[in-house]
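Undergrad: sharing a model prediction with you, sequence too.
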Number of protein chains: 2
Amino acid sequence: MLVEPELTIGAVSERTGVAPSALRFYEAEGLIHSTRTAGGQRRFTRDTLRRVSFIRVAQQVGLSLDEIRDALHSLPERRTPTEKDWQRLSRSWRPRLDAQIAMLERLRDRLDGCIGCGCLSLRFCRMLNPDDRAGELGPGPRYVLDS
Amino acid sequence: MLVEPELTIGAVSERTGVAPSALRFYEAEGLIHSTRTAGGQRRFTRDTLRRVSFIRVAQQVGLSLDEIRDALHSLPERRTPTEKDWQRLSRSWRPRLDAQIAMLERLRDRLDGCIGCGCLSLRFCRMLNPDDRAGELGPGPRYVLDS
DNA sequence: TTAGATGTTCAAGTGAACTTGAAGTCAAGG
DNA sequence: CCTTGACTTCAAGTTCACTTGAACATCTAA
């Protein structure tokens, strides 16, 4: 069997571009895990690099660390995830990415027509305020209808 | 001449979906402006609705309030902006929107191929870390090169 | 073996973007 | 006129995602 190569926090930091303090923070938040040396220093397995990259990517897509933790919990905890595991996880993102892209495209395509012509409107704002947002606000006229 | 219709903070809140406290905050931050009644209450002109919508849209695109303030400063201060003004502003966003969309599309198209296959890689992370990010980190190997 | 780079914890600080609370004032309908 | 809901200010609190600092321990290469 392979001996898992163990990475120091500095090594993970260097290879991911994420500060050691952030990695400690992620560990405290349950997003990554480490073992400890006899002296109490952290040692990370290589799949941590993938986890950390995943975290940064997820943040770019607009997920909070809480949501990311939930997503990562679908990976086998404390077991090196297989490619299948990662594939399943990444596929679960497609809808979110598609939605985000669609929103930005509508935004781009209407920017002149909407902001530009001065009719930044109800429809426009609805577009930017998915159901969850609109829902939690209660009844009544909500967004700009105004010319 | 028209008398500018004046809106209370509650009216602006209702029509934009933005809390009164947030509107006060935006005013304190110089993103919107108001006049005051004899009694000291705020009154907003209708173009504030557009400004506020613009602010929310800009936030969706990932701009900070600081950046948004800068953008809004290209509008004539304390003068109702013309359609041309808004058009110029919205057009200045095209590159940003295009970039954001392109990033998300690359992300979507490579998600399986990259995270999925386990090669969440240097190239991948560069894609997500535009020059400014990569630049400020200094020299040395930076991102995940690792299988 | 020892210097010094790298690591440790824990508490507190930061900045962005607001929200909340207290204590009080204004404005419009009956 | 008076009530009542909407408004005012100001300071402090909140959440998120970290960073910083102090004081100390460990690890590794010479």
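TA: Looks like it arrived, so ask away.
Undergrad: C-alpha from now on. contacts and neighbour counts both.
TA: Noted.
Undergrad: got the contact list for the residue of chain A found nearest DNA strand C?
TA: For chain A and DNA strand C, the shortest gap (C-alpha to the nearest atom of the strand) falls at A:Gly10, measuring 3.0 Å. Listed by C-alpha atoms under 8 Å, 6 or more residues apart in numbering or on different chains, the contact set of A:Gly10 reads A:Pro20.
Undergrad: okay, A:Gly113: pLDDT?
TA: We have a pLDDT of 57 for A:Gly113.
Undergrad: low-confidence ranges, chain A, go.
TA: Where chain A drops to pLDDT under 70, the residues are A:1-5, A:77-79, A:110-147.
Undergrad: get me the contact residues on it for DNA strand C.
TA: A:8-11, A:20, A:24, A:40-43 (C-alpha under 7 Å from any atom of the strand).
Undergrad: what is the most widely separated pair among those residues?
TA: Greatest spatial distance among these (C-alpha to C-alpha): A:Ala11 and A:Gly40, at 16.5 Å.
Undergrad: for those two, indicate the residue with more neighbours.
TA: A:Ala11 (17 against 8; other C-alpha atoms under 10 Å in any protein chain shown).
Undergrad: so after the one helix or strand the more buried one maps to, what's the next helix or strand?
TA: Here A:Ala11, judged by DSSP states H and E, is contained in helix A:9-16. Sequence-wise, the next helix or strand downstream of helix A:9-16 (DSSP H and E) is helix A:20-28.
Undergrad: let me know the angle separating the longest helix anywhere in chain A from helix B:94-111.
TA: The longest helix of chain A (DSSP state H) is helix A:94-111. Inter-element angle recorded for helix A:94-111 and helix B:94-111: 160 degrees (by axes from the mean of the first three to the mean of the last three C-alpha atoms, to 10 degrees).
Undergrad: export helix A:94-111 as CSV, just CAs?
TA: The C-alpha atoms that make up helix A:94-111 are tabulated as CSV, following Å, rounded to 0.1, in the frame of the first residue of the first chain:
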residue,chain,number,x,y,z
ARG,A,94,-24.4,22.4,-12.9
PRO,A,95,-27.8,23.8,-12.1
ARG,A,96,-26.3,26.5,-9.9
LEU,A,97,-23.7,27.4,-12.5
ASP,A,98,-26.3,27.4,-15.3
ALA,A,99,-28.6,29.6,-13.3
GLN,A,100,-25.8,32.1,-12.5
ILE,A,101,-24.7,32.2,-16.1
ALA,A,102,-28.3,32.7,-17.3
MET,A,103,-28.8,35.5,-14.9
LEU,A,104,-25.6,37.3,-16.0
GLU,A,105,-26.5,36.8,-19.7
ARG,A,106,-30.0,38.3,-19.2
LEU,A,107,-28.4,41.1,-17.3
ARG,A,108,-25.9,41.8,-20.0
ASP,A,109,-28.4,41.6,-22.8
ARG,A,110,-30.8,43.9,-21.1
LEU,A,111,-28.4,46.3,-19.6
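Undergrad: flag every buried residue along that helix.
TA: For helix A:94-111, burial by neighbour count (16 or more other C-alpha atoms under 10 Å in any protein chain shown) applies to A:94, A:97, A:100-101, A:103-105, A:107-108, A:110-111.
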